[in-house]
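Peer 1: below are the sequence and a predicted model; questions follow.
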2 protein chains.
Amino acid sequence: MVFALRTGGAAAPLYQQIRDGLRAEVMDGALPAGSRLPSSRQLARDLGVSRITVVNAYAELEAEGLVESRGGAGTFVLAPWEVAEVRAQRRPRATQPRWQAELAAHRRPQRARALREDARRAADAAFISFARARGDARPFPVEEFRRTLAAALEHDRPACLEYEAAEGYPPLRDAVAGYLRQLGVDAAADDVVITAGAQQAIDLLARVIVRPGDRVVVEEPTYPGALDAFESAGARLVPVAVDREGMRTDLLRRALEAGARLVYTVPTFHNPTGAVMSAQRRHELVALAHELGVPVVEDDYLREVRFGSPVPPPLAAFDQHGNVVHVGSFSKSLLPTLRLGYVVVRGPLREQLVALKRVADAGSSALLQRALHGFLRSGVLHRHWKRASRLYRRRQAALVAAMRRHFPAGARWTAAAGGVLMWVRVPDGVSVDALWEEAIGHGVGFAPGSAFFVEPADQPFIRLNFAALDDEQIERGVATIGRLMAQRLAARPIAS
Amino acid sequence: MVFALRTGGAAAPLYQQIRDGLRAEVMDGALPAGSRLPSSRQLARDLGVSRITVVNAYAELEAEGLVESRGGAGTFVLAPWEVAEVRAQRRPRATQPRWQAELAAHRRPQRARALREDARRAADAAFISFARARGDARPFPVEEFRRTLAAALEHDRPACLEYEAAEGYPPLRDAVAGYLRQLGVDAAADDVVITAGAQQAIDLLARVIVRPGDRVVVEEPTYPGALDAFESAGARLVPVAVDREGMRTDLLRRALEAGARLVYTVPTFHNPTGAVMSAQRRHELVALAHELGVPVVEDDYLREVRFGSPVPPPLAAFDQHGNVVHVGSFSKSLLPTLRLGYVVVRGPLREQLVALKRVADAGSSALLQRALHGFLRSGVLHRHWKRASRLYRRRQAALVAAMRRHFPAGARWTAAAGGVLMWVRVPDGVSVDALWEEAIGHGVGFAPGSAFFVEPADQPFIRLNFAALDDEQIERGVATIGRLMAQRLAARPIAS
């Protein structure tokens, strides 16, 4: 103890001076970890202060994690990590505070979770998962990706390491706008905002546009991640049926006339059915939106994986009045790990959306945006789309062949003109929720139909991904599902 | 024209058959891009159908982007990109639809924007920006980062390319939990959820916990990105003053007793003041939270950049009842481009938060999570923290020296014990909002005090970042700000 106490008007309270003096000696190494402090009685005598003053100083140091009182043995100097470890071991698990119980009662967005229910099991290499909408990452040009990342780190430092503007990396926005103009969409770089996949674009749009109680019109069935996002914003979901030509525009007018804040649609390779909305329907939908003054969110998540048939331009290309909000993604068609998509927005909607993107995550990764831009510029992306289209088309054929072999009579499907998804109606008498539980137990996952409906009751549909599995997995997985369906049908009571 | 029309009960309408037949010939190459279709009159005669049937078929094909009618010249087959380009050029810019006007009236989160107002200018190498809270990316171990990315791409494929679980990459969650236990925080891997920086953690917590009209207690001044997030969730912000020992816990009780949904605090290297909350205050805050049953969100955004003085353990280490929700980040202390932070959550809060993370962005990048995990495991991160601490401490000293030289009498500050920020009170009579405008014009940016207050009126404070600039930039920038302050003071009317 070498420090001296000061007294008088300007001096700090004595216990603080003692605390600070001891702390300085610990930091200097004059009192190394493991050494024992003098007893409070002894130090009080030495400094000529009351014992409670020293006790208070020691208590502060203990709270800071510098020393620890060990019962009758005295007070010892600790290394910071030491007291911390001791404290963590000592503490009993916290019981749940009151405010947690209230949260338990809140509604939780969980449709999308059904698509991940098998995620843990999917780590098991023997598990066959048809559940998620995704491409196959294996044929991805990983070496070119590595080089693109290395080039950004080499040539665009420090910008590629910093925060990026909330609206996104300008050259990437420009490249996306150029791509969209080729599709007939009237987009400039300033209209493009980069998001963390289409999912974030939908969530931000829901948060900006939808107010609690608003009616939001959706196709039924549709993408669960969008249903979750709109419900999180407080929307009441209004379903409109889908057929092979897409959303039933004949039913849409009535839904819109009852009042709606927005329409959400997946017009191209519709998730989950795979339907492509006809040009006629696109015209009608855009005209209705204009007539009734309702924005339409177009989720164009996977346009570029196509099996030969022509696909109409995006809804946004039919729109001359700024009612269509176009959303796209590189997660399914290129690489989920990029976490990059985009939304085309103008005017107050753009201002609100960029401000909220800043609040949501302060902008997407500068490095990954540069990597994607490199891919777009070099043509690697277009080559990958061609290769993926050929590969997934073959796998779609393998899936159809396997379903013909293994699925019982009464199962029905329509092969889509592109994408990664197959929507299958199961035979009457098969409970999909029960089938799903059983299939998981047999090492096979799929997306149960209920996840895609506004009211999540059991539905006689399953959605199968064919893109991410090889022929042998497709064959084994379909054989398992088919066998379980057949067993369920055989077990039905005759009377039913 | 080689296709034949079918008639009878099951056949499609004639115009659809014509459309489909022509489409097939375009796709086959039988009708290449540039070729002219027969006139509608001619084709109607050839096929023995009415002319309106052919006109309808052509209209559908044009809507699909396969053909284009060129006035009297006829109808021509187009390449898909061709019709799209034509269409985009032809269209007038959309006027703003009605629903956009409503959005313009919504309140927009924009405090954080003040910190980015100079972002465009910051691209200009001559611009000196003190505005943002960030580290210097230049001494970052970029070569080790490149190797870590390459190793993940080489050895962890395809998992590093796929979607990651919404709660984060398990080994990263485990490593973060281990780090937190060393700080005395009772955290297991299952309690850690990976987020897109601390910003996303705060935004998700606001969305889960706060309901419109709820009172949220914040320090004043405080981090604008948190104010924006809580206001976006509908909170009414209740400010509590900060002094050199952190949040004034003596004022906190009254604020909490009036009812509060949560408390938000930055106890360590407080943003913007740099204050470190004392151990005593940490005890008091945690005890109050327990007594009154209010969760406390602890934003521990930059603990590891320290200039020698000891720093108490996180609030969460003082908490035995599960009231403290601990948030951390690697953006400031390591690298913004990772977009990675974390939050320690349990019970219903964890369930709700993970479900909402899935809605918000479907999970953070699998690749960047693996790269960060590599950094944590190899010790590169800890070495970087040491190096950054030494560097930023020198720059803080350079900033203080420059302010002493150039700032007029009456400017006051306290150098923080760590971090990247300096909070400066300007002399009486200097309008910071006016100073800010002028400084931007002279090529220097800083964060105006108003951004950090609940009511964004002009405030006599500026926040300066000292970490991301070299000595020469600090000297020139401070000289400019000092000169502008002095000019404003000299121009004051004597009477004021």
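Peer 2: Happy to help now that I have it.
Peer 1: whatever helix or strand A:R483 lives in packs against which elements?
Peer 2: Element membership for A:R483 (DSSP states H and E) is helix A:471-490. Other helices and strands packing on helix A:471-490, by 3 or more CB pairs under 8 Å, 6 or more residues apart in numbering or on different chains; DSSP states H and E, are strand A:128-129, helix A:380-406, helix A:432-441, strand A:444-445. Just so you know, the C-beta spots here come from the backbone N, C-alpha and C atoms, and that holds for glycine as well.
Peer 1: what would those look like in JSON lines with distance to chain B and mean pLDDT?
Peer 2: Putting the helices and strands packed on helix A:471-490 into JSON lines (distance: least, CB to the nearest CB, whole Å; pLDDT from 0 to 100) gives the following:
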{"stretch": "strand A:128-129", "distance to chain B": "11", "mean pLDDT": "92"}
{"stretch": "helix A:380-406", "distance to chain B": "12", "mean pLDDT": "95"}
{"stretch": "helix A:432-441", "distance to chain B": "17", "mean pLDDT": "92"}
{"stretch": "strand A:444-445", "distance to chain B": "14", "mean pLDDT": "94"}
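Peer 1: in JSON lines, list the ones you listed along with mean neighbour count.
Peer 2: Compiled in JSON lines, the helices and strands packed on helix A:471-490 are given as follows (neighbours: other CB atoms under 10 Å in any protein chain shown):
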{"stretch": "strand A:128-129", "mean neighbour count": "26"}
{"stretch": "helix A:380-406", "mean neighbour count": "17"}
{"stretch": "helix A:432-441", "mean neighbour count": "18"}
{"stretch": "strand A:444-445", "mean neighbour count": "25"}
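Peer 1: need those in a markdown table (columns: distance to A:G322).
Peer 2: Conversion of the helices and strands packed on helix A:471-490 to a markdown table gives the following (distance: least, CB to CB, whole Å):
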| stretch | distance to A:G322 |
| --- | --- |
| strand A:128-129 | 40 |
| helix A:380-406 | 28 |
| helix A:432-441 | 41 |
| strand A:444-445 | 41 |
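Peer 1: looking at these, which is closest to B:L489?
Peer 2: Nearest to B:L489 among the helices and strands packed on helix A:471-490 is helix A:380-406 (57.1 Å), distances taken as CB to CB.
Peer 1: how about the longest strand anywhere in chain A as CSV, C-alpha atoms only?
Peer 2: Longest strand in chain A, counting residues (DSSP state E): strand A:236-243. The C-alpha trace of strand A:236-243 is given here as CSV (Å, rounded to 0.1, in the frame of the first residue of the first chain):
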residue,chain,number,x,y,z
ARG,A,236,-55.2,-10.2,-41.6
LEU,A,237,-54.4,-12.6,-44.4
VAL,A,238,-57.0,-12.9,-47.2
PRO,A,239,-56.4,-16.0,-49.4
VAL,A,240,-57.1,-16.1,-53.2
ALA,A,241,-56.9,-19.5,-55.0
VAL,A,242,-54.2,-20.4,-57.5
ASP,A,243,-54.6,-22.6,-60.6
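Peer 1: other residues contacting whichever helix or strand comes after that strand?
Peer 2: Counting by DSSP H and E, the element after strand A:236-243 in chain order, helix or strand, is strand A:246-247. Residues lying outside strand A:246-247 but in contact with it, judged by CB atoms under 8 Å, 6 or more residues apart in numbering or on different chains, are A:219, A:240-241, A:265, A:267, A:270, A:275-278, A:281-282, A:285.
Peer 1: and the next element down the chain from strand A:246-247?
Peer 2: Using DSSP H and E, the helix or strand that follows strand A:246-247 towards the C-terminus is helix A:249-257.
Peer 1: angle of that next one against strand A:236-243?
Peer 2: With axes from the mean of the first three to the mean of the last three CA atoms, to 10 degrees as the basis, helix A:249-257 and strand A:236-243 are set at 170 degrees to each other.
Peer 1: burial count for the closest residue to A:R488 other than its chain neighbours?
Peer 2: In this structure, A:R488 finds its nearest non-sequential neighbour in A:V430, 5.1 Å apart by CB to CB, 6 or more residues apart in numbering or on different chains. Close neighbours of A:V430, defined as other CB atoms under 10 Å in any protein chain shown, add up to 22.
Peer 1: quick check: which of the contacts of strand A:246-247 are also close to chain B?
Peer 2: Taking CB under 8 Å from any CB of the partner chain as the test, chain B is in contact with A:278, A:282 out of the contacts of strand A:246-247.
Peer 1: output the contacts of strand A:246-247 as TSV; include the columns pLDDT and neighbour count.
Peer 2: Rendered in TSV, the data for the contacts of strand A:246-247 read as follows (pLDDT from 0 to 100; neighbours: other CB atoms under 10 Å in any protein chain shown):
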residue	pLDDT	neighbour count
A:E219	98	28
A:V240	98	21
A:A241	97	12
A:T265	98	27
A:P267	98	26
A:H270	97	27
A:A275	96	24
A:V276	96	24
A:M277	96	26
A:S278	94	20
A:R281	95	23
A:R282	95	30
A:L285	97	26
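Peer 1: who are the packing partners of the helix or strand harbouring A:D46?
Peer 2: Assigned by DSSP H and E, A:D46 belongs to helix A:40-47. For helix A:40-47, the contact count by 3+ CB pairs under 8 Å, 6+ apart identifies helix A:51-64 as packing neighbours.
Peer 1: average pLDDT across the helix or strand following the helix it packs on?
Peer 2: Using DSSP H and E, the helix or strand that directly follows helix A:51-64 along the chain is strand A:67-69. Rounded to a whole number, the mean pLDDT of strand A:67-69 is 82.
Peer 1: one more: stretch A:197-215?
Peer 2: Across stretch A:197-215, the average pLDDT comes to 97.
Peer 1: is any residue of it near chain B?
Peer 2: Yes - using CB under 8 Å from any CB, stretch A:197-215 comes into contact with chain B via A:197, A:199-200, A:203, A:207-209, A:212.
Peer 1: list only buried entries from those.
Peer 2: Neighbour-count burial (16 or more other CB atoms under 10 Å in any protein chain shown) applied to those gives A:197, A:199-200, A:203, A:207-209.
Peer 1: from the contacts of strand A:246-247, which land in strands?
Peer 2: Assignment to strands by DSSP E places the following of the contacts of strand A:246-247 there: A:219, A:240-241, A:265.
Peer 1: follow-up on the earlier one: for the longest strand of chain A, packing partners?
Peer 2: Contact partners of strand A:236-243 among helices and strands, from 3+ CB pairs under 8 Å, 6+ apart: strand A:215-220, helix A:224-232, helix A:249-257.
Peer 1: for that strand, buried residues please.
Peer 2: Buried, per 16+ other CB under 10 Å, within strand A:236-243: A:237-240, A:242.
Peer 1: what do you get for stretch A:335-345?
Peer 2: Residues of stretch A:335-345 classed as buried: A:335-345 (neighbour count, 16+ other CB under 10 Å).
Peer 1: can you tell me which of those is nearest B:G72?
Peer 2: Of all these, B:G72 sits closest to A:V344, with 35.0 Å by CB to CB.
Peer 1: and that closest one, bridged to which residues?
Peer 2: The bridge-partner assignment for A:V344, based on DSSP bridges, gives A:V192, A:H326.
Peer 1: is any residue of the host helix or strand of A:G374 near chain B?
Peer 2: According to DSSP H and E, A:G374 maps onto helix A:366-378. Yes - Helix A:366-378 comes into contact with chain B (CB under 8 Å from any CB), by way of A:366-368.
Peer 1: re earlier: any chance of a markdown table for the helices and strands packed on strand A:236-243, columns distance to A:Q182?
Peer 2: Compiled in a markdown table, these are given as follows (distance: least, CB to CB, whole Å):
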| stretch | distance to A:Q182 |
| --- | --- |
| strand A:215-220 | 26 |
| helix A:224-232 | 26 |
| helix A:249-257 | 26 |
